[in-house]
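Chemist: coords please:
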Amino acid sequence: MWMKRSTQGRIGLLTLVLALAGCEIGNDATSTTRGAGDSLSTTTTPDTTQPSELGARWTEPPNYRFVVRSSCGEISFIGRYRVTVRDHVAVEAVDLRGGGEKPVDEDFLIFVPTLAGLIEQFETAQADHADVARIERVDGVPALIEIDYESNVIDDEACYEISEFEVLVGEPPADGSDELIAQLFGDAPPDQVVSQERADVIQVWEAADVTVVSDWPGWIQEVEGEVAALGSGELIDLLDGQSLNEDVECPTLMSRLAVVLVLDQCVSGSWSYAEVRSGKPADPPIEYEELLDGEWVWFAERGGTSLHGQGDAEGNLHTIESEAGQDLIAGDYASLPRLSTDGLLVAYVDHDDPAAISHFVSPVVVVRDVATGEELGRWVLDEPVTCLELSAEWLVACLGDPLDYPDGLQNQLAAINLSTGEVTTVTTETRVFLPA
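Modeler: Below you'll find the model as predicted:
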């Protein structure tokens, strides 16, 4: 389910009159009434709909809110509540009885059901041949559930009426990513920022507007334009969540005249280069050249600029050049090279600096002017750098010891304002991407 914050689904309130031990359960299939002299008479017609068919009508979203009135049986969860569900777990309930709003204690949440839990309760009762097992739905969403396991037994009933269902979209994840963006960039953020706190949710920030996509399929490795590359290699449309390509093994995203391209190359060996959306092959800015002893060729395209270089068996680059032949490394030993969104700057991690820990681990980042090769800034950050993002005004570095974070996660983000050189470091595992 791919959703933006303006999307909401709601169902209306169904009214149920309940008056057997506090409720009366009845429907067209099953009716229970009290006759004269308080004798109990029951007429039952079996529900012919199978549980599997009922369950197939609705798929529970991971994050939603609903109001439920529970009014039957001897259970702790009696009353009217507004329930919030995140990641399929009830995380908040507000008691609405008496016209007020009182959040329940955390210990009480173990009694608070999700809609999936209510459906499971109904299906179990139906499979166990309860005397009454009834469900009503609106657009597939449960709106009324009635259960009476044995008609001649008091207080074994369950009655739930559900209303005000809404999918939670457009709300920030629990870590407060809106605050994170403000902490990193202040009042001058890049034109576009993509943040990811959890594998199943991303946020796309453009100016003051934010779009939330839930049910996201996995951790992002890279973003370019409106295309995201997952760690699995799959390419996903950033805005509608559709898979664009599942067959890429080692993707690197680039752009040429607003067209997003994908290079598929696993360090060494031949490559393929194509437009992501059309699949049309693209001419690379340099010819593929097979090198010996673990050496490999590298290139990047972004913002109307292309760079190329040569890497070694350590996975690092010992040359980076512009199309005009400008040396952009000046004797440094680079990893994680990144062109800026406008193509005017290049950043990398330097492993030849005295502050570098090894050929694999370094806290040193460098930014150079592509046209002149001039070093515009060199920073020694608090921790080794595990990823880089570069816009025209900002450099963002993921910080964390690669031995502790082998999957590319970080324990800090450092945002460097390229106009002032100021570094802001925030403790977070939320990833931030700066697409062109």
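
Chemist: quick one: Asp107 is in a strand?
Modeler: No - with DSSP: H, G, I helix; E, B strand; the rest coil as the criterion, Asp107 is helix rather than part of a strand.

Chemist: give me the distance between it and His129.
Modeler: With distances taken as Cβ to Cβ, to the nearest Å, Asp107 is found 34 Å from His129. Bear in mind the C-beta positions are built from the backbone N, C-alpha and C, glycine included.

Chemist: likewise Phe165?
Modeler: From Phe165 to His129 the distance is 29 Å (Cβ to Cβ).

Chemist: who has more neighbours, the two?
Modeler: Taking neighbours as other Cβ atoms under 10 Å, Phe165 and His129 compare with Phe165 leading, 22 against 9.

Chemist: how about the helix or strand harbouring that one: buried residues?
Modeler: Element membership for Phe165 (DSSP states H and E) is strand 157-167. Under the neighbour-count criterion of 16 or more other Cβ atoms under 10 Å, strand 157-167 has Glu157, Ala158, Cys159, Tyr160, Glu161, Ile162, Ser163, Phe165, Glu166, Val167 buried.

Chemist: need the pLDDT of the first one.
Modeler: The confidence metric pLDDT takes the value 87 at Glu157.

Chemist: so what's Ser369 up against?
Modeler: Quick fix: residue 369 is Asp, not Ser. Leu344, Leu345, Leu376 (Cβ atoms under 8 Å, 6 or more residues apart in numbering).

Chemist: any idea what it is bridged to?
Modeler: Leu345 (DSSP bridges).

Chemist: what about the closest residue to Arg256 other than its chain neighbours, which SS state?
Modeler: Closest residue to Arg256 apart from its sequence neighbours, by Cβ to Cβ, 6 or more residues apart in numbering: Glu301 at 5.4 Å. Assigned by three-state DSSP, the conformation of Glu301 is strand.

Chemist: surely Glu301 touches Met254?
Modeler: Yes - between Glu301 and Met254 there is a contact under Cβ atoms under 8 Å: 4.2 Å.

Chemist: anything in contact with each of these two?
Modeler: With Cβ under 8 Å, 6+ apart, Glu301 and Met254 have common neighbours Leu261.

Chemist: just to revisit the earlier point, partners of the strand holding Phe165, with directions?
Modeler: Strand 157-167 pairs in its sheet with strand 64-70 (antiparallel), strand 141-148 (antiparallel), by DSSP bridges.

Chemist: low-confidence ranges, the stretch 151-300 of the chain, go.
Modeler: Residue ranges of the stretch 151-300 of the chain with pLDDT under 70: 169-178, 208, 267-269.

Chemist: let's see it at 90
Modeler: Within the stretch 151-300 of the chain, the stretches with pLDDT under 90 are 151-157, 166-182, 187, 197-203, 205-219, 231-233, 239-242, 245-250, 265-272, 286-297.

Chemist: let me see the ranges of the helices in it.
Modeler: In the stretch 151-300 of the chain, the helices defined using DSSP state H, counting those that start in this stretch lie at 177-185.

Chemist: do a quick rundown of the strands in it.
Modeler: With DSSP state E, counting those that start in this stretch as the criterion, the stretch 151-300 of the chain has strands at 157-167, 192-198, 201-206, 209-214, 220-224, 227-230, 235-237, 243-245, 251-256, 259-264, 272-275, 296-302.

Chemist: now distance to Gly309 too, for the ones you listed, in JSON lines please.
Modeler: JSON lines is the format used below for the strands of the stretch 151-300 of the chain (distance: least, Cβ to Cβ, whole Å):
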{"stretch": "strand 157-167", "distance to Gly309": "47"}
{"stretch": "strand 192-198", "distance to Gly309": "26"}
{"stretch": "strand 201-206", "distance to Gly309": "31"}
{"stretch": "strand 209-214", "distance to Gly309": "34"}
{"stretch": "strand 220-224", "distance to Gly309": "18"}
{"stretch": "strand 227-230", "distance to Gly309": "21"}
{"stretch": "strand 235-237", "distance to Gly309": "24"}
{"stretch": "strand 243-245", "distance to Gly309": "26"}
{"stretch": "strand 251-256", "distance to Gly309": "13"}
{"stretch": "strand 259-264", "distance to Gly309": "14"}
{"stretch": "strand 272-275", "distance to Gly309": "16"}
{"stretch": "strand 296-302", "distance to Gly309": "5"}
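
Chemist: please identify the deepest-packed of those.
Modeler: Of all the strands of the stretch 151-300 of the chain, strand 227-230 carries the top mean neighbour count, a mean of 24, counting by mean count of other Cβ atoms under 10 Å.

Chemist: what's opposite the nearest residue to Thr252 once chain neighbours are set aside in the beta bridge?
Modeler: Spatially, and ignoring its direct neighbours in sequence, Thr252 is nearest to Leu263 (4.4 Å; Cβ to Cβ, 6+ apart). Bridge pairing for Leu263 (DSSP bridges) gives the partners Thr252, Tyr273.

Chemist: ditto for Tyr160
Modeler: Here Tyr160, judged by DSSP bridges, has bridge partners Ser70, Ile145.

Chemist: so it is in contact with Ile145, correct?
Modeler: Yes - between Tyr160 and Ile145 there is a contact at 4.5 Å, judged by Cβ under 8 Å.

Chemist: identify the contacts common to those two.
Modeler: With Cβ under 8 Å, 6+ apart as the test, Tyr160 and Ile145 both reach Leu118.
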